[in-house]
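**Student:** Got a predicted model here, sequence first, then my questions.
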Amino acid sequence: MTDQRYIRPGVVTKAFNGIVVLLTRAGLSVAGSRILTVRGRSSGRPRSTPVNLLTAGDQRYLVSPRGQTQWVRNLRAAGEGELRVGGRVERFVSTELSDEHKPAVLRSYLRRWKFEVGAFFPGLDAGATDDQLLDVAARYPVFEITT
């Protein structure tokens, strides 16, 4: 079952995201940032937002620390999208992970971006146990992406 949790971005986050978008479009990835573009599930028009691309071993993931965002809903519907840094565009297909497959990915995500997303994972960090991460897994959509 999908947890319907969604945390709206505030003014500071929107401003920070605007800076990240400008830098990423210019070809400067900020700590792994990409511009995610996905076809809108209702409009069919392309929708873009900055995301952190997590690479763990040979696999790559998109994690939504804010929960059921618009990009998550659109990606579920489309099953594919694009990631951009500067002029480089990478098309991908996605597979959403079931909760039982999320703990290792969430741990890696926290290890990489706790400084940025820690507020969305109250009481958790990269040292959290599998059971602790499994308890909250439904709150955090995770997609494995492949090209």
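**Tutor:** Looks like it came in fine.
**Student:** what about the strands in the protein?
**Tutor:** 33-39, 46-56, 59-63, 80-85, 88-96, 142-146 (DSSP state E).
**Student:** now for the longest one, which elements pack on it?
**Tutor:** Looking back up the chat, that one is strand 46-56. helix 11-25, strand 33-39, strand 59-63, helix 70-78, helix 103-117 (3 or more C-beta pairs under 8 Å, 6 or more residues apart in numbering; DSSP states H and E). C-beta coordinates here come from the backbone N, C-alpha and C atoms, glycine included.
**Student:** mind running it again at 10 Å?
**Tutor:** helix 11-25, strand 33-39, strand 59-63, helix 70-78, strand 80-85, helix 103-117, strand 142-146 (3 or more C-beta pairs under 10 Å, 6 or more residues apart in numbering; DSSP states H and E).
**Student:** Which pLDDT value does the model give the residue most central in space within the chain?
**Tutor:** Of all residues in the chain, the one closest to the mean position by C-alpha atoms, centre = their mean is residue 63, 3.2 Å from it. Here, the pLDDT recorded for residue 63 equals 96.
**Student:** Brilliant, that's me finished.
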